[in-house]
Every structure is written in C-alpha cells, then in structure tokens.
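Asks: next comes the sequence, and after it the predicted model I'd like to discuss.
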Amino acid sequence: FVSTLVTVLLRTPSERASVHGMALVRALAQEFPAMLFSGQTDYLSSLTHEVLPFLNSTLAAVRGAAAATLYLLVKLNHVAVRNVSRMQVAATIALSKFVGGSARAQPALIHRGLATIAAYARRDTDRRVAGSPFVAEVAAMSERLYTIMRDTLTMQEHKDDEALYVDMQYRIAKGYSHSPSLRVAWLENMANFHSGKGHHAESAVCTVHIAAIVAEFLHVLLAGNAAIPQGAAAFAAVAPTVHLERAPKELVAQVADDLRAEGGIWTEEGLLKIMEHAVKELKKGELYEHVNALYKLILPMYEKARNFERMVIAYTTLAGNNQQIISTTGKRILGSYFRVGFYGRRFGEMDGQEFIYKEPKVTPLASISLRLQEHYGARFGPGLFDIIMDSSKVDAAKLDPNKAHIQLTHVVPYFDAHERKARTTYFERNTALARFIFETPFTKSGKAHGGMKEQHKRKTILTVTSTFPYMKKRLLVASSRELVLSPVEVGIEEVENKWTSLKQSVEQKPVDKKLLQMQLQGAVSVSVNAGPMEIANVFLGPDSVADPALKEKLRVAFNEMLTYCGEALALNDTLIKQDQYEYQKVRPARPFRLCGRSVNTSFVVFVRSLCFFLFVRSVVSGVHR
C-alpha cells in the first residue's frame, strides 16, 4: 500500500504532489530503514527509480526535494552498513535508465542536483557520519553519477551509429568490472538493445555473461549448493568469453553482503530466470546447440527444487530444439563477415583501425556498402567520404587527407588443418570464430588477373580480439599475417576445393540433390572443365617447370577429385528421375576439343564426364612424366 501511495504521489503531474510525495518517502525511510537496507527487497531500487528523475525538474522546489530525499537515502545506507554501495548501485541504474530512455534529460540541472547532494554531506553535523569517509564517498558517488550521465548522453548522440553505440555501452560496462550489479545493469542494456534490433545471438551472449556474473558470486553466497553452476567457467560451453567474468576472491568477499541483501537476481531463482531468458534468445538466434549446453546447467537446479512443471517444459523444449538442429541441417546461415578499415583524421581514434563486422544471414557486399555510404556520407557531407572496394593494401599516404575513407572486403572464417578436422559440423564452423581470411589475386606484372602460369594469390589472415558471436557485432582486428601462393599452388588449391566440396555433398545425410548437382556442374561440366584441364596441362604437362613435390601434390588432388566425381555421378544417377534427364544434358556453343579431336558433348553427365576423366587420368597417371 505504501509503495503504491508513494508511486501515485510521485507520478502525479503536480509540483505540490511531487514535493509531498518525496516528503513521505523521507518520513518512511527514517521510520523504517531496515525495510530499505536489510533483507532481500527491492524497495530502495524502486524508490530511487521514482525519485531520481526529479533532479531533472526545472522547478527548484521539486529539484531540491529530490536532492534532499536522495541524500537522506545515501546517509541511511551508510548508517546501516557503513558504506553507500547499495544506494550507489540503485542510483546508477536509475540514472542510466532515465537518461538512456528520455529525450528530455538536461545535464546542467541533474549536475546541479548531484552537487547539492554532495553539499548536504559536507554540511551534515550528524555524528553518525561525521569524522567518517562518508563525505568523500558521497562526493565520489556524485561525480561518478555525473560521468555516467555524460557518457550515456554521448551514446545517445551516436545512436544512429549502431556499432559505435554498442562499443560505448561495452566500454562503460567493462569499466564496472569491480561492481557486479552495475556491470549487470549495463549488460542488460546491451542485451535489450540487441534484442530490439533483432540481433538475438548477440543478445544471448550478453545474457549468458550476466548469468556467468551472477553464478560467479552466487556459488560463494550459496556455498555447498552443488546444483547451481559453479562460477562463470561453467558457462564456457555456451559462451567461450565468459572467462572475462571471473572475479577475484577479494572482490567476492567485499560485495557478498551487499549482493545478499540486494536479492533479486542474486538468488537461485534470479539466476534461473536469467538462464531461461538466455534460452529464448539463443533459440531466436538459431544457436540450438548452445541451448542444449545451457540446459545442462539449468536441469540440475530444476531437479534439486523438484520442479517437475519446469522439467516438463525443459524436456519439451529440448525435443523441439534438437528437431530444429536436424531439420535445418544445411539450411542455417548464421551470418556474413566483412573487414572494414577506417582511414583519415575525420575518424578520430579509429583512423588506421580495422574491424570485422558481423552481418545477418547472407548479406551482399553491395548491401553493407550502401549502408555505410549512406551513414558516413550523411555524417561527413557530400564529397568527403569514399569507399575503397579493392582488397589490396591501402597506402594511407596516398589518400586524400581531407576525406574519410573506408576499405570494405568480404571475409570468411579461417581454420587451420587441425581446426578443420575438429570442427565437423556447420555450427562448429560458424561459432567461436576468431580468425578470418580474404584473398587477393595478383600477377607480377601488376595486374590482378593473368594466365594460369602467372596467376598468384595473396591470402590475408586476420585475428580479432575475441570470438563471434559476441556481445558486439564488430570486433577490432588485433593482428594479421599473409600467405602468398605461387601459380601451381593456386592450381592445387582450386582442385582441392572442388573435391572437398564434392566429398561433403556425397557424404551429407540426407543428400541435398540440388547442391550435389551444382557441385557436379562445377566439377565436370564442359563449360567449366577448362579450369581443371588447363591446370593439368600447364603444371603436369611436358613443358611444366613446377616443383616436383608440388606436381605430386597436384596429382594426388586430381586423383581425389576424380574419385569423388565418380561417386557423385553414381549417386546422382540414383536421384534423378526419368523426366529430369533432359536437364542433365549439356549443349555447349562449340564442340569440346579433347586430345586433338572434336567430341560431340550433347550427352548425359556420365558420358561427357568420361571424356574429362580420360584426359585428366592420363595426365595424373604420368603420361606426360
């Protein structure tokens, strides 16, 4: 009843009602301080959330009443537990939500109200706070609140730049690693922002990090409870980056009492609700395998509580979740990635930095290019922004210093041989991504493309500061290295890519007929056979001067390709129906020349591929040795 009465008074659009409402809050706080500062209640947070926005009032009486009320709450907090941390957390969260969600926040007025609170502390002669660190604590709290307000308003100014906005949220959250409640509050803001934008994978990661923070402290607060996750490390299978939430023992001991008193999320039920919300976001983000991993942490808590209703929901959810994994095999697309390099003094501290951007599903290069062009073109003005689409190295000294430049390149995840062997599923090859690669063709003459004998390739491997999916949709490139392939190595890679693709199509269960036939078209169709045949002629022919070891590697690659072509053709014959044979014919504009003779190629796939097989097999088996 009291809470409802106070809320009604404070939300009534009347100066007198607001002032009297805050007077009632002060009277109640002095009469029942234990209700606010002990036990697991959220009265303090609720009252602070209602009172603090009045610091923004243009009416001096209302603003003064708010400052007096907040000061009294701070003072009573110190008297009760000899520190102001609980009130500081409540005020920080209230201020962040108000400034972040209000277009009418006036920094000068709020700053004046905060200064009034600090002045009250300096003038207070109450011996319960005199001669203690109280005055310094209040001054520091007021200054910190002002800094948070300033940073939050700066974020609001950049809300149209989604990546920069999230970067600033992330930076502020990182600054509160020493204060779990405040870090959680900012991570919640990030999670809500991502979810509102439809970035459910990123929202899920933020939520899992929140659960990891709570578990890190809760397993100490509830020592001996084996059912709860034993610290942040327990969530590593869901989010590999949760090691960031590990807390020093000193910090846990320092804040344990405050968290225990705060209640809310810092309880077993609070942790369960966070994890259940994470499950929803993971499902929306199509990270079904992570849902399975998270339920391994949730189910023991249900079992301990003998909560059979929740267990029914959990197992039903798991059944549907695993069915989704099966039904979406070969159909899920978890994102596209692009390297974005920033060049020019107009970008400030980002000048010279490179990022990897994660974009939804299959995002074309043209789509992200248009978005960046519109955003930065509007920001810098006509003629002052340029996008570099070439993937070659940028010489910043040759760029127009008066313009802002962005280099945009499509990249794909990169795995070494060991990782490729360990990551066998699509999901494994599209999560926990830290390295990316893009290729730049070049010739020694300076042209990008040339004949097979002169075609080189430069591979650039980029390593980012964390792993995707993450709490942000862009990550800074921490390092890069290059690999340069010679012409014969380019040929080997092309053949290896063809047989690897065929192998995957043949072994996929169930078989994707369309994908199989596309792979076959790319491997044995006379319209594209010039690629493999040219490679065989140039590097395995009698005039080849390629390194013998590389020639042998190429022969092995061709043997693998022919093996899987044969398997793919045999499998394709079992899949096509009688009325589809017409679609398996090839009608090229000119005859296919093989071994010096023209061959009619208007046959089904098997007949025309046999010609290709005979030629390449003769080369691979050593006819030209």
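Replies: The structure has been received and is ready for your questions.
Asks: please name the nearest non-neighbouring residue to Leu365.
Replies: Nearest residue to Leu365, sequence neighbours excluded (CB to CB, 6 or more residues apart in numbering): His410, at 5.2 Å. Heads up, the C-betas are built off the backbone N, CA and C, glycines and all.
Asks: likewise for Met301?
Replies: Met301 sits nearest to Ala227 (CB to CB, 6+ apart), 5.0 Å away.
Asks: tell me how many other residues crowd that neighbour.
Replies: Neighbour count for Ala227, taken as other CB atoms under 10 Å: 15.
Asks: quick check: which element contains it?
Replies: If you go by DSSP states H and E, Ala227 is not part of any helix or strand.
Asks: next secondary structure element downstream of the helix or strand containing Thr317?
Replies: Secondary structure from DSSP H and E places Thr317 in helix 308-327. Note on helix 308-327: by DSSP H and E, the next helix or strand toward the C-terminus is strand 336-343.
Asks: circling back to that earlier point, give me the phi and psi for the residue nearest to Met301.
Replies: Dihedral pair for Ala227: phi -80, psi -30, per degrees, to the nearest 10.
Asks: likewise Ser14?
Replies: phi -140, psi 130.
Asks: do you know how far it is from Ile325?
Replies: 58 Å (CB to CB, to the nearest Å).
Asks: these two: who's more crowded?
Replies: Set side by side, Ser14 and Ile325 show more neighbours around Ile325, with 16 against 11, by other CB under 10 Å.
Asks: so who does the closest residue to that one other than its chain neighbours touch?
Replies: Nearest non-adjacent residue to Ile325, counting by CB to CB, 6+ apart: Tyr288, 4.9 Å away. Residues near Tyr288 by CB atoms under 8 Å, 6 or more residues apart in numbering: Leu282, Asn321, Asn322, Gln324, Ile325, Thr328, Phe427.
Asks: rewinding a little: just give me the neighbour total for the residue nearest to Leu365.
Replies: Per other CB under 10 Å, the neighbour tally for His410 reads 16.
Asks: which residues are contacting the helix holding Thr317?
Replies: 279, 283, 286, 288-289, 291-292, 295, 298-299, 302-303, 427.
Asks: in helices, which of these appear?
Replies: Secondary structure defined by DSSP state H assigns Val279, Lys283, Tyr288, Glu289, Val291, Asn292, Tyr295, Ile298, Leu299, Tyr302, Glu303 of those to helices.
Asks: report the contact partners of the fourth one.
Replies: Yep, that's Glu289 we're talking about. Contact partners of Glu289, counting by CB under 8 Å, 6+ apart, are Ile325, Phe427, Thr431.
Asks: again, only this time at 7 Å
Replies: By CB atoms under 7 Å, 6 or more residues apart in numbering, the residues touching Glu289 are Ile325, Phe427.
Asks: same check on Tyr170?
Replies: Met190, Met471, Lys472.
Asks: neighbour-wise, which of those residues leads?
Replies: Using other CB under 10 Å as the neighbour test, the contacts of Tyr170 are led by Met471, with 26 neighbours.
Asks: what helix or strand is that residue on?
Replies: Per DSSP H and E, there is no helix or strand for Met471.
Asks: okay, it: pLDDT?
Replies: Note on Met471: pLDDT of 97.
Asks: against Tyr357, how distant is it?
Replies: Using CB to CB, one obtains 15 Å as the distance from Met471 to Tyr357.
Asks: on that earlier part again, would you agree the residue nearest to Leu365 falls within a helix?
Replies: No. The assignment for His410 (DSSP: H, G, I helix; E, B strand; the rest coil) gives strand, which keeps it out of a helix.
Asks: wait, it touches Phe338, no?
Replies: Yes. With contact defined as CB atoms under 7 Å, His410 counts as touching Phe338 (5.7 Å).
Asks: report the contact partners of Pro133.
Replies: Applying CB under 7 Å, 6+ apart to Pro133 gives no contacts.
Asks: could you pull up phi and psi at it?
Replies: Backbone torsions of Pro133, given as degrees, to the nearest 10, read phi -70, psi 10.
Asks: separation between it and Arg82?
Replies: Distance of Pro133 to Arg82, computed by CB to CB: 9 Å.
Asks: look through this structure and tell me its longest helix.
Replies: Per DSSP H, the chain has its longest helix at helix 548-575.
Asks: just the buried residues of the contacts of helix 308-327.
Replies: Among the contacts of helix 308-327, those classed as buried by 16 or more other CB atoms under 10 Å are Val279, Lys283, Glu286, Tyr288, Glu289, Val291, Asn292, Tyr295, Ile298, Leu299, Tyr302, Phe427.
Asks: what sits against the first one?
Replies: Counting by CB under 7 Å, 6+ apart, Val279 makes contact with Val291, Leu294.
Asks: could you check how far it is from Phe385?
Replies: When distance is defined by CB to CB, Val279 is 42 Å away from Phe385.
Asks: next: the last one.
Replies: Computed with CB to CB, the distance linking Phe427 and Phe385 is 38 Å.
Asks: same check on the fourth one?
Replies: The span separating Tyr288 from Phe385 equals 40 Å under the rule CB to CB.
Asks: same check on the third one?
Replies: When CB to CB is applied, the distance between Glu286 and Phe385 equals 34 Å.
Asks: generate a PyMOL selection restricted to the buried subset of the contacts of Tyr288.
Replies: For the buried members of the contacts of Tyr288, the matching PyMOL selection, counting by 16+ other CB under 10 Å, is:
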select buried, resi 282+321+325+427
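Asks: now the contacts of Tyr288 as TSV including pLDDT?
Replies: Below are these laid out as TSV (pLDDT from 0 to 100):
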residue	pLDDT
Leu282	98
Asn321	96
Asn322	96
Gln324	96
Ile325	95
Thr328	91
Phe427	96
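Asks: redo the contacts of Tyr288 as a markdown table? Include distance to Leu483.
Replies: Output for the contacts of Tyr288, formatted as a markdown table (distance: CB to CB, whole Å):
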| residue | distance to Leu483 |
| --- | --- |
| Leu282 | 35 |
| Asn321 | 39 |
| Asn322 | 39 |
| Gln324 | 38 |
| Ile325 | 34 |
| Thr328 | 34 |
| Phe427 | 27 |
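Asks: now, which of the contacts of Tyr288 sits nearest Lys457?
Replies: Among the contacts of Tyr288, Phe427 lies closest to Lys457 (CB to CB), at 29.1 Å.
Asks: could I get the contacting residues of that closest one?
Replies: By CB under 7 Å, 6+ apart, the residues touching Phe427 are Glu289.
Asks: hey, where'd the strands end up in the chain?
Replies: Here the chain has its strands, by DSSP state E, at 336-343, 354-359, 385-388, 404-413, 433-442, 456-468, 474-485, 592-594, 597-599.
Asks: buried set for the fifth one?
Replies: Put plainly, it is strand 433-442. Within strand 433-442, the residues that count as buried by 16+ other CB under 10 Å are Leu433, Ala434, Arg435, Phe436, Ile437, Phe438, Glu439, Thr440, Phe442.
Asks: so what's the second one closest to, chain neighbours aside?
Replies: The spatial neighbour of Ala434 that comes closest, neighbours along the chain excluded (CB to CB, 6+ apart), is Thr467 at 4.8 Å.
Asks: close enough to count as contact, that neighbour and Phe436?
Replies: No. Contact criterion CB under 7 Å: Thr467 and Phe436 do not qualify, at 11.2 Å.
Asks: that'll do, ta.
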